[in-house]
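Q: Need a 3D model of the following:
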Amino acid sequence: MTDAAARRDEAVAALRRVAFLLERAQASSYRSEAFRTAAGVVEQQPPDRLAALVQAGAVSELTSVGARTAGVVENVWRGRDVPYLRELEEALAATLATERAAAPAGSDELRAALRGDLHAHSEASDGATSIQEMVLAALELGHEYQAITDHSPRLTVANGLSAARLRGQVEHVRALNRAVAPFVVLTGIEVDVLDDGSLDQDPALLAELDVVVASVHSKLRMDPAAMTRRMLRAVRDPHTDVLGHCTGRRLLGKQRPRSEFDARAVFEACAEHGVAVEINCRPDRLDPPHDLLAIAAEVGCDFAIDTDAHAPGQLDWQAVGCARAAQHGITAGRVITTWPVERLLARTRT
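A: Here you go, the predicted structure:
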């Protein structure tokens, strides 16, 4: 690799790192998208042409590269400090220090044991980036596998995938796996639990996937008895592997109260049928609430500590879920996202 090519790659990495840090901090998506888009444009430039643009102070002449993103490229190219990136790194360090100080014993050990994440979205539904960008972030975090679980057809507001689109994504993931091995991209779906508890996708197609996360997204204020029946049917479906964000609550922005159901009955069914209860790490969800998480732990459920990430930087939210699990004495052996991929697939494919 030439010196110019190496500098270009360093600039691309810096742009992606800025986007990652903005996403992790829940900054405006417009800001992170600007840096990710610029990274893609810069990555496509021949090294010699990029060198000439830097020399002329004209990097911002590239399509979708503004003054701030051009400044990152020029500083990295010349071996200078990138103030904006440094500020974001310092803010993250402060956040992590605060989180660690408040975390219960066992949180760090559980986070270190995690091998992957079973709930994440790509631009195919309502995620911000391509599957490849999600995989790059997972690799940088040291994960061994990442499930892509875009939405199912019923959730039109999130551009849910039809059976045909999902089959196309499965083929894409299979091809991608050949390029990123030994890392494993798991095929999956976040399938809507319909009003009667059935799953919103062709059962034969669900059977082909590595991971099926079943989540309720509609009629969240349903009568508790009816909601219990609905969730029990979904949990008992042989294709369901993970019960996603079980109460549907929203804690930030446009807040939403949690749905009501017989949690003990639902979690006992999860334990009986080998369905993991998701500990959703999104700051606006943190689902299940602590009182329900205590019941799930008590009745013997297994768990999946998942981010429900809609952008690469959000894959780094798992530490929050680890702290919540540790608070209830949930050990790594009960968290299926700590398992090697072979053990995980032996469970989800049966």
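Q: I'd like to know which elements the longest helix anywhere in the chain is packed against.
A: Across the chain, the longest stretch assigned as helix under DSSP state H is helix 3-24. If you count contacts as 3 or more CB pairs under 8 Å, 6 or more residues apart in numbering; DSSP states H and E, helix 3-24 packs onto helix 29-43, helix 47-56, helix 67-77, helix 83-102, helix 131-140. Just so you know, the C-beta spots here come from the backbone N, C-alpha and C atoms, and that holds for glycine as well.
Q: could you give the angle of the second one to helix 3-24?
A: With axes from the mean of the first three to the mean of the last three CA atoms, to 10 degrees as the criterion, the two stretches helix 47-56 and helix 3-24 enclose an angle of 80 degrees.
Q: Give me the contact list for helix 47-56.
A: 2, 4-5, 7-8, 11, 42, 45, 59, 61-62, 73-74, 77-78 (CB atoms under 8 Å, 6 or more residues apart in numbering).
Q: of all those, which comes closest to Thr348?
A: Val42 (38.6 Å; CB to CB).
Q: before we move on, back to that, export the helices and strands packed on helix 3-24 to CSV and tack on mean pLDDT, distance to His273 and mean neighbour count?
A: Formatted as CSV, the helices and strands packed on helix 3-24 follow (pLDDT from 0 to 100; distance: least, CB to CB, whole Å; neighbours: other CB atoms under 10 Å):
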stretch, mean pLDDT, distance to His273, mean neighbour count
helix 29-43, 96, 37, 20
helix 47-56, 96, 55, 16
helix 67-77, 97, 49, 20
helix 83-102, 96, 34, 12
helix 131-140, 97, 28, 20
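Q: sorry, back to before: buried stuff in the longest helix of the chain?
A: Across helix 3-24, burial judged by 16 or more other CB atoms under 10 Å covers 4, 7-8, 11-12, 14-24.
Q: Contacts for it next, please.
A: With CB under 8 Å, 6+ apart as the test, helix 3-24 has contacts from 1, 28-29, 31-33, 35-36, 38-39, 42-43, 45, 47-48, 50-51, 69, 72-73, 76-77, 82, 84-85, 88-89, 91-92, 128, 136-137, 140, 311-314, 316-317.
Q: Turn the helices and strands packed on helix 3-24 into CSV, columns for distance to Arg258.
A: CSV is the format used below for these (distance: least, CB to CB, whole Å):
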stretch, distance to Arg258
helix 29-43, 26
helix 47-56, 51
helix 67-77, 40
helix 83-102, 23
helix 131-140, 28
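Q: looking at those helices, which is closest to Gln255?
A: Across those, closest to Gln255 is helix 29-43 (CB to CB), at 19.9 Å.
Q: Pop the domain breakdown of this structure in here.
A: Domain ranges of the chain: 3-89, 103-348, per automatic domain parsing.
Q: so which of these is the most packed in?
A: Most buried of the domains of the chain by mean neighbour count (mean count of other CB atoms under 10 Å) is domain 103-348; its value is a mean of 20.
Q: which non-adjacent residue is nearest Ala304?
A: Residue nearest to Ala304 in three dimensions, not counting chain neighbours: Ala276, with 4.3 Å by CB to CB, 6 or more residues apart in numbering.
Q: residues in contact with the one you found?
A: Here Ala276 is in contact with Asp241, Val242, Leu243, Cys270, Cys301, Asp302, Phe303, Ala304, Ile336 (CB under 8 Å, 6+ apart).
Q: re earlier: show me which pair in the contacts of helix 47-56 is furthest apart.
A: Farthest-apart pair in these is Thr2 and Glu61; separation 22.4 Å (CB to CB).
Q: what sits opposite the residue nearest to Ala304 in the beta ladder?
A: Val242 (DSSP bridges).
Q: How much space separates it from Arg347?
A: Distance, Ala276 to Arg347, by CB to CB, to the nearest Å: 9 Å.
Q: what residue is smack in the middle of the chain?
A: Closest residue to the average C-alpha location of the chain: Ala309 at 2.8 Å, with CA atoms, centre = their mean.
Q: Pretty sure that residue sits against Ala120.
A: Yes - Ala309 sits in contact with Ala120 when judged by CB atoms under 8 Å, with a separation of 4.4 Å.
Q: Common neighbours of these two, please.
A: Gly127, Met134, Leu315.
Q: Mind putting those into a markdown table with distance to Gly321?
A: What follows is the shared contacts of Ala309 and Ala120, written out as a markdown table (distance: CB to CB, whole Å):
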| residue | distance to Gly321 |
| --- | --- |
| Gly127 | 19 |
| Met134 | 18 |
| Leu315 | 12 |
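Q: what's the closest of these to Phe261?
A: Closest to Phe261, out of all of the shared contacts of Ala309 and Ala120 and judged by CB to CB, is Gly127, at 28.0 Å.
Q: State the distance from that closest one to Arg264.
A: Shown here: Gly127 relative to Arg264, a distance of 34 Å by CB to CB.
Q: follow-up on the earlier one: quick one: which of the helices and strands packed on helix 3-24 is nearest Ser152?
A: That would be helix 131-140 among the helices and strands packed on helix 3-24, by CB to CB, at 17.0 Å.
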